[in-house]
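*Asks:* After the sequence you'll find the predicted model.
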Amino acid sequence: MQPVEQRDEVEMLSLMLLIRRFEERASQQYQAQKIGGFCHLYIGQEAVVVGAIAAVRPDDYVITAYRDHGHALARGTSVNACMAELFGKETGCSRGLGGSMHFFDKRHNMYGGHAIVAAHVPLGVGLAFAIKYRGEDRVTLCFFGDGAINQGSFHEALNLAALYKLPIIFICENNLFAMGTSVKRSTSLKQIVDRAEGYDIPGEIVDGMNFREVRDKVAEVAESIRKESHPAFLEVRTYRYRGHSMSDPASYRTKDELEKYRLDDPIIRLRAQLTREGKLTNEQFDQLDKRAKEAVLAAVKFAEESVELPVGKLHDYVYFNGAMETDRPQPAVEERRDGEPAPSQRSA
Amino acid sequence: MREITYRQALNEALAEEIERDPNVFLMGEEVAEYQGAYKVSAGLLERFGPRRIIDTPISENGFAGLGIGAAMVGLRPIIEFMTFSFSLVAFDQVVNNAPNMFMMSGGQFNIPITFRGPNGPAHQLGATHSHATENLYASVPGLKVCTPATPRDAKGLLKTAVRDDNPVLVLEAELLYSSKGMVEPPDEELLIPLGEAEVKREGSDVTVVCYAQTVPIALKVAAQLEEENISAEIIDLRSIKPLDEKAIFDSVAKTHRVVIVEQDHPFCGVGAEICYRIQKEIFDELDAPVLRVSQEDIPMPYNEHLEHAVLPNAEKLVTAVKRVCYA
């Protein structure tokens, strides 16, 4: 098992670029009515998921809420499968049956994509429970937003994880707003990380706009958990540039606030770090960006050309009867990003 | 065959399945050290240890969700609700996460989980502790619901539920935990398929469809009616979903009269669904309108006499049977 933390930072930058370009294109395709339902974009928060996933192994478990496109892409789900899911096509990562908020990819240990706020936090604890039950040294990364921390299931889950000493990192992506309600108006605490203290779970605040800080902190915590199973909590401070969903103009915050965070952009920041250290030239960056844009455009084409699951097959997805075992849905045709190892090398 | 209680039957089923499959574990409030609120899990902690028999805090949503998460990676949890009245606190997990996962993941994650515990009104527990949840859960695609009424069915259905690859709710009958019945010896594997009703008593004049706590009521009424020369056939559904339509239709085709006695509420209750299917599929077989006996459409009162008046009971069933028989 090759820990991903060794992976090239340039590659991680290109992953952040890919997520950003994917989301921009998703926004455009949503406006063109190619994508239905709700669509929550991750733009601005890329360093959180890429940093966290760069610090763990491919066989670790990842589960998140509905703002999940970045998590699937970071985990290794192909751009094509992600875009096709948004388009509702059979080649999507959830066969077009889940949509934007329900990205799943078993092969890459991506356990969703869950759209009831905080309802997946107990599921994450269950994944961690299974790890301990089987005596494995995996870790579960359970992502959620600042809106989740006032929901009952969140509190029950944290208590259970602490009580049973389960190997899970609760990663609160604090982007300051639960839909349109600021943390100040929703939460009685001065800082979210203090929630963890109430359950005797070690917690820390991390700068979510800084890839390296997220990666190093998650790596440190994961290492500690693998040595001796316990839960941990990270309040990762970040910012989403767009509204809560596509229909939200985000009038509850000022342009000045948005501009302040844009200046601290996670992609610009990592690019600057790498450039300063002589690891990346402007030409190379442009090349990475061009490749990301091309991959996303190709994914749109792939999604458009893909077919939908036939209505007649719908009943096969209500109850599992074992008959699908050989015919178990596989993620869409893989088109790996340049420089990324093939799935067979990455999986356990 | 030997005679054991419904409680012992469930206990045997749990022990056999936990013994058989290392992925199976039992989790819930008071299941381990306390030996179960209703002693269903008595002795299991001693036999299997705290890794397999796990006490939880009072956090139904939390531990139901934990079970679903563990099932996503192939464990086969048995989650006990102290009563299904408390499952309502975990409604989101049972209704939103367990049955939807398979569909919304495009078939990647099935959830092999069993939710079990007593369901339905017991005795003078008042409105919050008397819920019959079968119609709520049976209306959710992706869930399976069974309602054993005898020790044999309790054991056979619970074992089948644990082996099912989908979320199954085993709604036990609290009032029947101490009732006795004949069950195969422990060395004989007892599995009762979901979706198979059983004729608990043969008859020719009227079909009485029942399940769970209404089965003993129906059997008692049938014995009483026999003395009045009315021969009632008793169909115990055993599973609400999948529903054994054929067993119902076969019986009605023989008797041409039917009363459904259910333990839930009348509005959108289990009987409403059965009634719809009978009139749709075998309308011409009917010699009288289908009648239903259920709880009244009233939250459960505490007072014993008032509770009796709200519940489906033998008197109401006798009246209904006589009406469909024009007797």
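*Replies:* That came through fine. Numbering: from 1, shown residues only, chains lettered A, B, ... in the order given.

*Asks:* Let me see the mean pLDDT of stretch B:288-300.
*Replies:* For stretch B:288-300, the mean per-residue pLDDT is 98.

*Asks:* ends of it, how far apart?
*Replies:* Using CA to CA, to the nearest Å, the end-to-end distance of stretch B:288-300 comes out at 31 Å.

*Asks:* Now do the same contact list for residue A:279.
*Replies:* Shown in contact with residue A:279 (CB atoms under 8 Å, 6 or more residues apart in numbering or on different chains): A:9-10. The C-beta positions use only the backbone N, C-alpha and C, and glycine is treated the same way.

*Asks:* okay, which residue is most central for the chain?
*Replies:* Went with chain A since none was named. Residue closest to the mean C-alpha point of chain A, counted by CA atoms, centre = their mean, is residue A:71 at 2.1 Å.

*Asks:* you'd agree that residue is up against residue A:65?
*Replies:* No. Using CB atoms under 8 Å, residue A:71 is not in contact with residue A:65; the gap is 9.1 Å.

*Asks:* Could you pull up phi and psi at the residue of chain B found nearest chain A?
*Replies:* Of all residues in chain B, residue B:69 sits closest to chain A, at 2.1 Å by CB to the nearest CB. Residue B:69 adopts backbone torsions of phi -60, psi -40, taken as degrees, to the nearest 10.

*Asks:* That one - how many residues pack around it?
*Replies:* By other CB atoms under 10 Å in any protein chain shown, the residues close to residue B:69 number 32.

*Asks:* Settle this for me: it is touching residue A:121, isn't it.
*Replies:* No. The criterion here is CB under 8 Å, and residue B:69 misses it with residue A:121 at 9.4 Å.

*Asks:* if I look at residue A:277, how far off is residue A:271?
*Replies:* Separation of residue A:277 from residue A:271 (CB to CB, to the nearest Å): 11 Å.

*Asks:* Who has more neighbours out of the two?
*Replies:* Remark: of residue A:277 and residue A:271, residue A:271 carries more neighbours, 21 against 9, as counted by other CB under 10 Å.

*Asks:* Show me the strands in the stretch 1-150 of chain A, by range?
*Replies:* Using DSSP state E, counting those that start in this stretch, the strands of the stretch 1-150 of chain A run over A:61-64, A:110-113, A:140-145.

*Asks:* re the thing from before, next up, the contacts around the residue nearest to the centre of chain A.
*Replies:* With contact set as CB under 8 Å, 6+ apart, residue A:71 has these partners: A:49, A:53, A:62, A:64, A:103, A:110, A:113, A:143.

*Asks:* Distance check, the residue nearest the centre of chain B against residue B:154.
*Replies:* Nearest to the geometric centre of chain B sits residue B:147, at 1.5 Å (CA atoms, centre = their mean). Distance, residue B:147 to residue B:154, by CB to CB: 10 Å.

*Asks:* do residue B:256 as well
*Replies:* Relative to residue B:154, residue B:256 is positioned 32 Å away (CB to CB).

*Asks:* any weak-confidence spans in the stretch 1-150 of chain B?
*Replies:* For the stretch 1-150 of chain B, no stretch has pLDDT under 70.

*Asks:* between residue A:71 and residue A:65, what contacts are shared?
*Replies:* Common contact partners of residue A:71 and residue A:65 (CB under 8 Å, 6+ apart): residue A:143.

*Asks:* that older thread, residue contacts, the residue of chain B closest to chain A?
*Replies:* Listed by CB under 8 Å, 6+ apart, the contact partners of residue B:69 are A:63, A:111, A:122-130.

*Asks:* Which ones among the residues you listed map onto helices?
*Replies:* Among the contacts of residue B:69, DSSP state H puts A:122-130 in helices.

*Asks:* Return only those of those residues found close to chain B.
*Replies:* Counting by CB under 8 Å from any CB of the partner chain, A:122-130 from the ones in helices among the contacts of residue B:69 sit close to chain B.

*Asks:* so which two of the residues you listed are the farthest from each other?
*Replies:* A:122 and A:130 (12.9 Å; CB to CB).

*Asks:* These two - which one has more neighbours?
*Replies:* It is residue A:122, of residue A:122 and residue A:130, that has more neighbours when counted by other CB under 10 Å, with 31 against 24.

*Asks:* okay, now the nearest residue to the more buried one once chain neighbours are set aside: neighbour count?
*Replies:* Distances taken as CB to CB, 6 or more residues apart in numbering or on different chains put residue B:65 closest to residue A:122, at 2.5 Å, once the chain neighbours are dropped. Counted with other CB under 10 Å, residues neighbouring residue B:65 total 32.
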